[in-house]
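Student: Dropping the sequence and predicted coords here.
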Amino acid sequence: MISNQILQNTIDGLKAIARVDFCVMDVDGKEAASTSLSMSGGEAETVEFAKSPADSQEIRGYQYFKIYDEQQPEYILIASGIGEDVYMVGKMAAFQIQNLLVAYKERFDKDNFIKNLLLDNLLLVDIYSRAKKLHIQTDVRRAVLVIETGADRDSNILETMRNFCGSSSKDFVTAVDENNVIVVKDLSEGDSIKEIEKSAESIEAFLMKEGMAQVHIAYGTVVREIKEVSRSYKEAKMAMDVGKIFFDERNIIAYSELGIGRLIYQLPIPLCKMFIKEIFGGRGLDEFDEETLTTINKFFENSLNVSETSRQLFIHRNTLVYRLDKLQKSTGLDLRVFEDAITFRIALMVVKYMNYMESLDY
């Protein structure tokens, strides 16, 4: 339940205060942490003590104490030395580790609950009963943020984010796979969507300061009931995927900003291919030269304004008109007509989506 490193840090701190060496063993006699090499061994005595009815016992010049998890021995704490003072110090150390065990168990239970909540693995009645048991409020405004970095698998991003949020935070930090860290953010009643954006920017700045590159953050809409947290998570996941396709220049993206990209992302690939074939008559987008594609994109950026587009491209207005006429002859679409421009714009997005999905297959 508690990592060996946490146990080691704990008994190192206790030794620095009490000047007593400690060793923590599991009930099978395997050492979990120790402050002295001379305390290694004693497996047989530990196993025998674990099976005995005593809570504490003096064995061969050492004080033995049981540490329980739900009335079952979980660890055996051994304190070096005999006498009333060592006994008292050992009793206090066992109490400290006992409380640590309870705290970590509650944290584990909460983390497990949040994971199952995000993945829709809980019945509605279980959501509210378990939330009550774990002292988690059910009617708080929350939003889910999904964080992805280009860091290698050895980087413990999850613990880094937990340190960033702090142990006193009402936010939940967890992970359901190796690729993303999830933050279930607790929002005050007066907080707006801008507060989530600010939090995302703070997280991005913190992770970049920690040396993690390629930070991408996506977040879903605000929900008011704990049962709806999974919906905000699904929205954040979709925002992450759609953002990579249509908003690749942005590191932070909201589900509410996806626009038509959200609809295109849900289209089946065969339907997309059929649509592109109808629009371009079997031609691929790669058949358009770079000059034509640059002209098209700049024309869209300037809201179909011929004069402004030609100015930004440093070409004569008539040259732009010639290019648009040429495009109309090859595709049958006149980008100066709003309806044709919308059709062409959607076609470009569909092609981008298809290319992205094909890249995932390799």
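Tutor: Yep, it's here. Numbers count the residues shown, from 1 in each chain.
Student: The closest residue to residue 66 other than its chain neighbours: which element?
Tutor: Distance criterion C-beta to C-beta, 6 or more residues apart in numbering; nearest residue to residue 66, sequence neighbours excluded, is residue 73 at 4.8 Å. All C-beta atoms are positioned from the backbone trio N, CA, C, and that covers glycine. Assigning secondary structure by DSSP states H and E places residue 73 in strand 72-80.
Student: buried sites along that strand?
Tutor: 73-80 (16 or more other C-beta atoms under 10 Å).
Student: Adding pLDDT, write these out as JSON lines.
Tutor: Converted to JSON lines, the buried residues of strand 72-80 look like this (pLDDT from 0 to 100):
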{"residue": "73", "pLDDT": "90"}
{"residue": "74", "pLDDT": "90"}
{"residue": "75", "pLDDT": "93"}
{"residue": "76", "pLDDT": "93"}
{"residue": "77", "pLDDT": "94"}
{"residue": "78", "pLDDT": "93"}
{"residue": "79", "pLDDT": "93"}
{"residue": "80", "pLDDT": "89"}
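Student: quick one: which of those is nearest residue 94?
Tutor: residue 77 (4.8 Å; C-beta to C-beta).
Student: these two touch, right, the closest one and residue 24?
Tutor: Yes: with contact defined as C-beta atoms under 8 Å, residue 77 reaches residue 24; the gap is 5.7 Å.
Student: shared neighbours of these two, anything?
Tutor: residue 97 (C-beta atoms under 8 Å, 6 or more residues apart in numbering).
Student: CA atoms of stretch 213-231 as PDB?
Tutor: Extracted C-alpha coordinates of stretch 213-231, given in PDB (Å, rounded to 0.1, in the frame of the first residue of the first chain):
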ATOM      1  CA  ALA A 213       8.300  19.400 -23.900                       C
ATOM      2  CA  GLN A 214       5.300  19.100 -26.200                       C
ATOM      3  CA  VAL A 215       2.700  19.700 -23.500                       C
ATOM      4  CA  HIS A 216      -0.900  19.500 -24.800                       C
ATOM      5  CA  ILE A 217      -3.900  20.100 -22.600                       C
ATOM      6  CA  ALA A 218      -7.500  19.700 -23.400                       C
ATOM      7  CA  TYR A 219     -10.600  20.200 -21.200                       C
ATOM      8  CA  GLY A 220     -14.300  19.400 -21.300                       C
ATOM      9  CA  THR A 221     -17.300  21.400 -20.200                       C
ATOM     10  CA  VAL A 222     -18.300  22.100 -16.600                       C
ATOM     11  CA  VAL A 223     -20.600  19.600 -15.000                       C
ATOM     12  CA  ARG A 224     -22.600  20.100 -11.800                       C
ATOM     13  CA  GLU A 225     -23.100  16.400 -10.700                       C
ATOM     14  CA  ILE A 226     -20.400  13.800  -9.900                       C
ATOM     15  CA  LYS A 227     -22.200  11.300 -12.200                       C
ATOM     16  CA  GLU A 228     -21.500  13.700 -15.200                       C
ATOM     17  CA  VAL A 229     -17.700  13.800 -14.600                       C
ATOM     18  CA  SER A 230     -17.300  11.000 -17.100                       C
ATOM     19  CA  ARG A 231     -19.000  13.100 -19.800                       C
END
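Student: List the buried residues for that stretch?
Tutor: Buried residues in stretch 213-231 (16+ other C-beta under 10 Å): 215-223, 226-227, 229-230.
Student: Same question for stretch 244-258.
Tutor: In stretch 244-258, counting by 16+ other C-beta under 10 Å, buried: 245-247, 251-255, 258.
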